[in-house]
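Asker: Have a look at this prediction, sequence included:
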Amino acid sequence: MKPSLLFILLFVFFVGIADLFSQELYFPNRNETWKTTNPSRFDYNEEKLASAVNFAKENEYSGSRDLRQAILKGFQREPFHEILGPTKKRGGPAGMILKNGYLVTSWGDTQRVDMTFSVTKSFLSTMAGLAFDEGLMSSTDDKVGKYIWDGTFDGAHNTKITWEHLLQQNSDWSGELWGLKDWADRPPREGGLDDWKFRELREPGTVMEYNDVRVNVLSYSLTHLWRNPLPRVLKEKIMDPIGASTTWRWYGYDHAWMTIDGLKMKSVTGGGHSGAGIFINTEDMARFGLLFLNNGQWKDKTLLSKEWISKAITSSVPNVNYGYMWWLNQKEGNRYWEGVPEHVFYAAGFGGNFIIVDQKEGIVIVTRWLEPQKTGEFVKQVYSAF
């Protein structure tokens with residue numbers, strides 16, 4: 001064998017081994033200091049990445065750090081809006097960037113527990129995924145009224161609503177839950193109370209409308225399905241197995257109590273714009289993102305099926321940028337981040353809270369309190385560093 005050919009074969013062999021090594025995923029144990037990495041392991045530009053992090057630090061969410069005030073100001077257009085659940089003053093900008101599970105960089109206080117607002121919706125969607133995997137619902141195309149027969153899904157319109165309609169936020173469910181009427185949540189910019197109350201209902205599956213009352217109807221329905229408080233299900237099925245801290249909490253409205261099997265339990269919210277939702281630190285958010293990066297597998301254990309995650313990150317018909325309470329970076333939609341791959345999906349919450357996942361490149365990005373309009377530019381800068 002000629003030396004030159006031998007050299008080529010050895011080179012190809014070692015490059016292949018190095019590539020396999022670089023694709024190995026790291027899953028941190030509970031209370032373990034997160035393993036870091038450097039450009040020699042994963043090819044990235046440190047200066048560009050530092051510039052992106054500085055951009056995140058310099059573009060802090062402009063709303064008040066007193067989130068009670070930020071909420072009241074941010075949703076003042078809603079009639080009858082009030083704080084109904086716990087709130088918490090927030091910290092400053094924070095975040096983490098992972099590559100194949102290894103920590104590339106972080107900033108701010110990553111162990112501080114803060115409200116995470118509509119990032120909670122992606123956790124709520126996961127509760128539906130676990131129910132799907134365990135056969136508690138046979139299909140997301142099933143009518144919810146088949147399972148929840150207490151009147152919540154009665155009527156000519158509501159009887160048509162499926163689990164998928166609730167998950168994709170295109171059900172146009174009509175009614176009242178915990179004293180909140182569906183039409184009073186994020187009402188149209190045109191018209192007044194009578195226009196909103198007596199509107200023509202849209203056929204389920206045809207029009208997406210971001211609406212927390214309907215999200216909370218999903219939470220209410222899943223609580224009945226599980227016959228258990230959702231925070232307990234999340235803890236046992238997801239957060240404990242991924243080694244999350246014991247500091248996160250999932251709240252409902254103060255008065256949102258229900259009785260199932262003779263046991264009183266709280267129906268939690270899928271967001272925080274009237275207070276409540278998930279309060280969590282950056283590192284636990286990163287662990288959750290890492291689980292989705294690896295298609296529901298944590299180390300050698302499947303916590304959530306690949307089938308469910310595929311469904312969750314599939315575009316809905318009315319909104320190409322929305323799946324099962326995960327946002328999708330699809331170019332055809334109006335929520336596209338220029339310069340960021342279209343296969344990226346993310347959880348997003350008020351005030352600049354994001355969990356961003358790129359399964360193909362092995363990247364997870366968590367940001368806290370980044371001005372929402374600047375998020376696309378920040379993520380673009382991160383990608384330019386890789």
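Answerer: Sure thing, it's come through.

Asker: Skip the chain neighbours and tell me the closest residue to K360.
Answerer: Leaving aside its sequence neighbours, K360 sits nearest to H343 (Cβ to Cβ, 6 or more residues apart in numbering; 5.6 Å). (C-beta placed from N, C-alpha, C; glycine too.)

Asker: Secondary structure element for the one you found, which one?
Answerer: According to DSSP states H and E, H343 maps onto no helix or strand at all.

Asker: Just the pLDDT at it, thanks.
Answerer: pLDDT, H343: 97.

Asker: burial count for it?
Answerer: 14 (other Cβ atoms under 10 Å).

Asker: and it, what is it in contact with?
Answerer: With contacts taken as Cβ atoms under 8 Å, 6 or more residues apart in numbering, H343 has the following neighbours: N329, D358, Q359, K360.

Asker: Run through the helices of the stretch 51-200 of the chain in chain order.
Answerer: Under the criterion DSSP state H, counting those that start in this stretch, the stretch 51-200 of the chain contains helices at 67-74, 119-133, 163-167, 193-197.

Asker: how about the helices in the stretch 251-386 of the chain?
Answerer: In the stretch 251-386 of the chain, the helices defined using DSSP H, counting those that start in this stretch lie at 282-293, 306-312, 375-385.

Asker: and those, which is most packed in?
Answerer: helix 282-293 (a mean of 25; mean count of other Cβ atoms under 10 Å).

Asker: just checking, what packs against that helix?
Answerer: Identification of packing neighbours for helix 282-293 by 3 or more Cβ pairs under 8 Å, 6 or more residues apart in numbering; DSSP states H and E yields strand 94-99, strand 297-298, strand 353-358, strand 363-368.

Asker: Residues contacting the last one, please?
Answerer: Okay, so that is strand 363-368. 56, 90-91, 93-99, 101, 108, 114, 282, 285-286, 289-290, 293, 352-358, 375, 378-379, 382, 386.

Asker: residue contacts, A131?
Answerer: Shown in contact with A131 (Cβ under 8 Å, 6+ apart): M137, L222, L225, W226.

Asker: Sorry, slip of the keys, the one I care about is T162.
Answerer: T162 sits next to T140, D141, D142, K143, V144, S171, P204, G205 when contact means Cβ under 8 Å, 6+ apart.

Asker: Just the buried residues of these.
Answerer: T140, K143, V144, S171, P204, G205 (16 or more other Cβ atoms under 10 Å).

Asker: Reformat those residues as TSV; add pLDDT.
Answerer: Shown next, in TSV, are the buried ones among the contacts of T162 (pLDDT from 0 to 100):
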residue	pLDDT
T140	98
K143	98
V144	98
S171	98
P204	98
G205	98
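
Asker: Tell me which of these fall in strands.
Answerer: Per DSSP state E, strands hold no members of the buried ones among the contacts of T162.

Asker: Quick one: buried ones out of the contacts of H343?
Answerer: Buried members of these, counted by 16+ other Cβ under 10 Å: N329, D358, Q359.

Asker: quick one: low-confidence parts of the chain?
Answerer: Residue ranges of the chain with pLDDT under 70: 1-23.

Asker: hey, which strand is longest across it?
Answerer: strand 249-260.

Asker: contacting residues around Y322?
Answerer: By Cβ under 8 Å, 6+ apart, the residues touching Y322 are Q168, Q169, M208, S315, S316, L328.

Asker: quick one: the last one from R335, how far?
Answerer: Between L328 and R335 the computed distance is 8 Å (Cβ to Cβ, to the nearest Å).

Asker: One more: Q111?
Answerer: For Q111, the distance to R335 - Cβ to Cβ - is 31 Å.
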